[in-house]
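Student: turn this into a model:
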Amino acid sequence: MVGVGIPEREPQRHPVLRGKHPLVPAEAKIVLWGGGIWNWLDPLTLVRAWPQVIAIHPQARLVFLGTRNPNPLVPVHEMVHKTEALAEEVGEKDRSIVFVEWLPYTDHEAVLGEADIGVTLQPTDVETRFSIRTRVIDYFRLRLPTLVTDGDITSEWIQQYGLGRVVPNFDVDAVARALNEMLDVPKESWASSFDTIRDQMAWKRVVAPLLAYCQSGQAAPDRQQRGEPVPEYDEPQTTIQNAIKILRQQGVAAFLKRTRHHLRWRRGQA
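Tutor: Now for the predicted structure:
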């Protein structure tokens, strides 16, 4: 199994929000919620903390991405409405809090590069403990100082390597304090802290075990103990040789199934 990784190529950079969006001036400090506002996340604590942030950093802008999925079959999560209503309640919706429906991937990548801080907050539960938010990996890729809730593996990485701040669940004052501290220093001052995690999560390293298995893997010991035939993959085989081997080792049913899959694949390549 292959986990998540970081591409080695340089991210695309072009202006999307800064100096382009009417609510995001060129000198703004962008705090980015870099993905969907899902029901199992906690954007509300962030919005509640926001008035304390702009009181000290009036040039700051809180940008939420992913409020509306471009797929009409995906319903809008209830948390979107709650977050927009709370932003209205604190008086900052369409002022210092900006909601963006969806962005093409290249623009999403560029916005990550424009941002000064990446944020994701969530309740701590079983799902949180054993999940990885891919948006946080995106923050790491762009060397974006990151604010997260305590209780998952990414929070451990952030603390271990000094990649941002980690806060307790639903702690409004802690979120405001952390954001103000992070906005007090230039984003660039964090950049070198990301070297280790970016190297560890580079795709060439993440896929290395799978690549090694594909090149020289062996059948599982239990399969060998059951006396099942072990396919040989040492040398490239022609299509006919493969077909004969499958027929001999796996039988007619497997041969027909593999043949159907192969024909579908060939039609897709035409």
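
Student: the helices in this protein, which residues?
Tutor: Along the chain, counting by DSSP state H, helices occupy 43-56, 78-89, 105-114, 126-129, 134-141, 153-161, 172-183, 195-200, 203-206, 208-216, 221-225, 239-269.

Student: check which helices and strands the last one sits against.
Tutor: Meaning helix 239-269. Packed against helix 239-269 by the contact rule (3 or more Cβ pairs under 8 Å, 6 or more residues apart in numbering; DSSP states H and E) you find no helix or strand. All C-beta atoms are positioned from the backbone trio N, CA, C, and that covers glycine.

Student: quick check: T134 vs G34, distance?
Tutor: Going from T134 to G34 by Cβ to Cβ, to the nearest Å gives 10 Å.

Student: who's more crowded, those two?
Tutor: Neighbours per residue, other Cβ atoms under 10 Å: of T134 and G34, the larger number sits with G34, 24 against 11.

Student: would you confirm that that one contacts R135?
Tutor: Yes - between G34 and R135 there is a contact under Cβ atoms under 8 Å: 4.5 Å.

Student: between these two, what contacts are shared?
Tutor: Shared contacts of G34 and R135, defined by Cβ atoms under 8 Å, 6 or more residues apart in numbering, are found at 118, 120.

Student: quick one on the thing from earlier: now the helices of the chain as JSON lines including distance to R18 and mean pLDDT?
Tutor: Formatted as JSON lines, those follow (distance: least, Cβ to Cβ, whole Å; pLDDT from 0 to 100):
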{"stretch": "helix 43-56", "distance to R18": "17", "mean pLDDT": "98"}
{"stretch": "helix 78-89", "distance to R18": "20", "mean pLDDT": "97"}
{"stretch": "helix 105-114", "distance to R18": "5", "mean pLDDT": "94"}
{"stretch": "helix 126-129", "distance to R18": "31", "mean pLDDT": "76"}
{"stretch": "helix 134-141", "distance to R18": "17", "mean pLDDT": "95"}
{"stretch": "helix 153-161", "distance to R18": "25", "mean pLDDT": "95"}
{"stretch": "helix 172-183", "distance to R18": "15", "mean pLDDT": "98"}
{"stretch": "helix 195-200", "distance to R18": "24", "mean pLDDT": "94"}
{"stretch": "helix 203-206", "distance to R18": "29", "mean pLDDT": "90"}
{"stretch": "helix 208-216", "distance to R18": "37", "mean pLDDT": "81"}
{"stretch": "helix 221-225", "distance to R18": "56", "mean pLDDT": "70"}
{"stretch": "helix 239-269", "distance to R18": "42", "mean pLDDT": "78"}
